[in-house]
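Student: below are the sequence and a predicted model for it; my questions follow.
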Amino acid sequence: MTLTVPGLDVQTKVRARDIQMAASADLKRRVLMISGAIDTKEHDIAVTFELPEPGRWQVIKSETNLTDAPWLTWQMTAGEGTRFVNDADAMVVSRQFAKTFMTPDQTRIMFYDGEVRPGEAVLKMFTIECAKRSGSASHARFSPAPTESPRKVKSLIEEYVANGMPPKPVIEVVVPVTIIG
């Protein structure tokens with residue numbers, strides 16, 4: 001049975017009906033934990049979340065790769081009113097990627113020099129500063145074509161780190177946030 005609501009086109013907005021992306025916010029520690037799954041290579045994912053209050057938040061984020069291809073880079077681009085923090089107190093790390101790059105304007109982070117295989121989860125930690133309660137970021141992943149040579153893949157990764165990944169069609173996800181502290 002399909003739910004039909006006038007004006008709401010769920011079929012083109014919802015990717016996985018049984019795997020939701022969700023978050024918990026620890027207000028006392030100012031930590032936002034987000035988890036979920038991604039099942040597309042052909043789309044970027046735009047995530048929006050409501051914070052308990054604006055300001056600086058440490059983010060711990062994990063997504064499972066439900067595609068049939070490895071991810072060799074992970075790019076996050078901050079949305080309006082959101083920026084990534086790059087100072088001595090802010091860690092920007094991923095368990096799967098050895099290197100990170102943040103643009104000088106602090107609107108894009110690239111995780112690279114690693115791999116997230118199909119079925120594996122990627123874990124990232126970074127800090128954001130939100131001017132308002134609503135935060136947002138877009139996610140892009142690079143999966144090379146099976147026919148690409150290792151030299152071409154390396155060249156593409158270098159290009160993406162320097163200039164950003166080319167945009168793909170976007171799936172928007174609103175992440176529910178539960179306050180836990």
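Tutor: Looks like it came in fine.

Student: just the buried residues of stretch 147-155, please?
Tutor: Neighbour counts over stretch 147-155 (16 or more other Cβ atoms under 10 Å) mark no residue as buried. C-beta coordinates here come from the backbone N, C-alpha and C atoms, glycine included.

Student: distance from the chain centre to it, please.
Tutor: 24 Å (Cα atoms, centre = their mean, to the nearest Å).

Student: and the contacts of it?
Tutor: Stretch 147-155 has contacts (Cβ atoms under 8 Å, 6 or more residues apart in numbering) with 72, 144, 156.

Student: state the distance from the first one to Glu115.
Tutor: Okay, so that is Leu72. 6 Å (Cβ to Cβ, to the nearest Å).

Student: these two - which one has more neighbours?
Tutor: Legend: neighbour count by other Cβ atoms under 10 Å for Leu72 and Glu115, higher for Leu72 (22 against 15).

Student: and that one, what does it touch?
Tutor: Counting by Cβ under 8 Å, 6+ apart, the residues that Leu72 touches are 112, 114-115, 142-144, 153, 157.

Student: how about Tyr112?
Tutor: Counting by Cβ under 8 Å, 6+ apart, the residues that Tyr112 touches are 72-74, 97, 99-101, 157, 160-161.

Student: which of those residues fall within strands?
Tutor: 73-74, 97, 99-101 (DSSP state E).

Student: from the contacts of Tyr112, keep the buried residues only.
Tutor: Neighbour counting over those (16+ other Cβ under 10 Å) leaves 72-74, 97, 100, 157, 160-161 as the buried ones.
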